[in-house]
Structure formats: C-alpha cells, structure tokens
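**Q** no sequence on this one, just coordinates:
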C-alpha cells in the first residue's frame, strides 16, 4: 500500500514538473516569436498586402490602358477614383463619411456585445433556454440582415434607432452563438476543478467558463462585427434621410443615383478599408494576446 502511494506521488510530481517544463518552453517560444526585427516584421506582415495591392492596381490600370474595358461608366480608372478622394477631402466630407458609419457601427456593436454575451451564457448553461432559443438564434444568424431594414423603418422610422436595431438583429445571434460554441468546448475537467475550489455560480462563470471559452467567444465577436458592419451598410443604402447624415452606405447609393462610378468605387474602397482597419487594430491584437497567453503563438 505504501509502495503504491509512493509511486502515485512520484507520478504526480513528474506530471507537475513536465507541466512546468512545457509551460516554460511555451513561454520561451512565445517570447522568441515576439522579438522580431523591423525588417522581419515588414517582410512578413506589411510587404505581402502592399504587393497584393500593387498587383490589383496594375491589373486595374491595364484594363483601362489596353481598352479591355473602355467604358468609364462601367469601370473608372484609378486616377478618376483618386480624384474623387481628393475632392471629398478638399470639401471636408471624406472623414465625415467614415465617422458617421464607424461611430454607428461601433456603438451598435457595443450594444450587441452587452446583449449577446449574457444571452449566450444563458443559452449555453440552461438546457431549457437552449432548447427554446438555440434554434431561433441559429435561424436569425442565417437570415440576411437586409431583411430587417423594412420592418425596422416601419417600427422606428428613419432615425438612428432604426440603424441600431438592424445592427443588433444582425450581430447578437452571432455573438451569442460564438459564446455558446466556446462554452461547449470547455473541458469538463475545468468545471469540476473550479467547483472543487469553490468557483461556482457567477464566480465559476467569470473565472473558469469565460477564460476557457475565450477562443470561441472571440470568433463570435469577429463574426458579430462583420454582421454589424454589413447590417449597417444595408440600412444606410436602403434608408436615407437628411437627418441621418451621409455614411458610407448612403455614399454608395448616392453614387448609384448619380451614375458616378468613381463615387461608387470610393464608397466600396472606404467600406473595405474600415472593415480591414477594425480587424487589424482591434481583433488581431486581442487574438494574438489570447494565443500568446495559451502558448500557441510560437515562432514557426
């Protein structure tokens, strides 16, 4: 009996030592990955998208130069779009277009985050609620956001409340489902260990469930932002009013009404630019922090 206990104790000690060694190696690899020179970072992170952008620009100009597409009402030249950018900048409207949409999108996303997070936890942790609401959330997530614009206009009128309602209906299901997926992937051992240490109820949710479900939750947040942005663009394109100002979606619709392809391309590029910028400035750093904290961001 004593021999068995001694072997068990030795095995536990070996496992602890191996776990500590593995964590130390992960930390070393993560720190090594973080110490990159500017040249390496430029070659790996900055140069590839610049090359891709240059290739697209050259191909675009080639279509115009070689008259493959010689109708400017269908495809404007890069210089025409650049002139549109300069005109909007000189008139002082370029930043207004961007800010009008970005402020709505971010505020609507924060509202969706405040609603979708507790809803996702409720669905994930209460079986009756999951059986009742889970299929509805999945159905709402697959419903095109543009479908909510007409009823939102009828219910709330042409105002910012309508915009936020469309954003919420588009983003909340994605955030909630992402959190549900993350909670479902939490190992049961974590939950049992938390209960053993007294982490139950809200404490268990905050200290055990949420950290363990963070990767799935973050994926849901990224998808929720994408749905927020697309929902907002659909609302701005369909619903127009002087009281709402001119956002990027309304700029796109104005270009269509004026048959101005440079304005249309300007709106498309700005919409794309904002989507990429939000991902790079907000979600990518958070994702890297999550991976680094788990020892998964290592130098390949």
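**A** Received, thanks. Treat the numbers as computed from the prediction; the structure is a model and nothing was measured.

**Q** Would you confirm that residue 207 contacts residue 194?
**A** Yes: using CB atoms under 8 Å, residue 207 is in contact with residue 194, at 6.9 Å. For every residue, glycine as well, the C-beta is placed using N, CA and C.

**Q** Of the two, which one has the most company?
**A** Comparing residue 207 with residue 194 by other CB atoms under 10 Å, the one with more neighbours is residue 194, at 19 against 13.

**Q** Now the spatially most central residue of the chain: closest residue in space that isn't a chain neighbour?
**A** Nearest to the mean C-alpha position of the chain, by CA atoms, centre = their mean, lies residue 222 at 2.3 Å. Counting by CB to CB, 6 or more residues apart in numbering, residue 222 lies nearest to residue 283, which is 5.2 Å off, once chain neighbours are set aside.

**Q** correct me, but residue 172 touches residue 119?
**A** Yes: under the criterion of CB under 8 Å, residue 172 makes contact with residue 119 at 6.8 Å.

**Q** Which one's more surrounded, those two?
**A** Neighbour count, other CB under 10 Å: between residue 172 and residue 119, residue 172 has more, with 25 against 20.

**Q** Buried residues, the helix or strand that contains that one. List them.
**A** Per DSSP states H and E: residue 172 is located in helix 160-184. Going by neighbour count (16 or more other CB atoms under 10 Å), the buried part of helix 160-184 is 162-183.

**Q** again, but for stretch 107-114
**A** Counting neighbours by 16+ other CB under 10 Å, the buried set in stretch 107-114 is 108, 109, 111, 112, 113.

**Q** Any regions of the stretch 1-150 of the chain where pLDDT drops low?
**A** The stretch 1-150 of the chain contains residues with pLDDT under 70 at 1-36, 38, 42.

**Q** all helices for it, in order.
**A** 2-34, 38-41, 47-65, 78-90, 94-125, 127-142, 149-156 (DSSP state H, counting those that start in this stretch).

**Q** mind checking which of those is nearest residue 276?
**A** Residue 276 lies closest to helix 47-65 among these, at 8.8 Å (CB to CB).

**Q** Buried residues of the closest one, list them for me.
**A** So helix 47-65, judged by 16+ other CB under 10 Å, has buried residues 60, 64.

**Q** And it, what does it pack against?
**A** Helix 47-65 sits against helix 78-90, with contacts defined as 3 or more CB pairs under 8 Å, 6 or more residues apart in numbering; DSSP states H and E.

**Q** Does residue 163 touch residue 234 like I think?
**A** No: using CB under 8 Å as the test, residue 163 is too far from residue 234 to be in contact (10.2 Å).

**Q** Tell me the pLDDT of the closest residue to residue 275 other than its chain neighbours.
**A** Using CB to CB, 6+ apart and skipping residues adjacent in sequence, the residue nearest residue 275 is residue 229, 5.8 Å away. For residue 229, the pLDDT comes out at 93.

**Q** element containing residue 229, please.
**A** helix 214-238.

**Q** got the contact list for residue 112?
**A** Neighbouring residues of residue 112 by CB atoms under 8 Å, 6 or more residues apart in numbering: 167, 168, 171, 172, 175, 224, 228.

**Q** With residue 205 instead?
**A** Counted by CB under 8 Å, 6+ apart, residue 205 has contacts 121, 125.

**Q** any idea how far the closest residue to residue 112 other than its chain neighbours lies from residue 119?
**A** Nearest residue to residue 112 in three dimensions, chain neighbours excluded: residue 171, at 3.7 Å (CB to CB, 6+ apart). As judged by CB to CB, to the nearest Å, residue 171 and residue 119 stand 12 Å apart.
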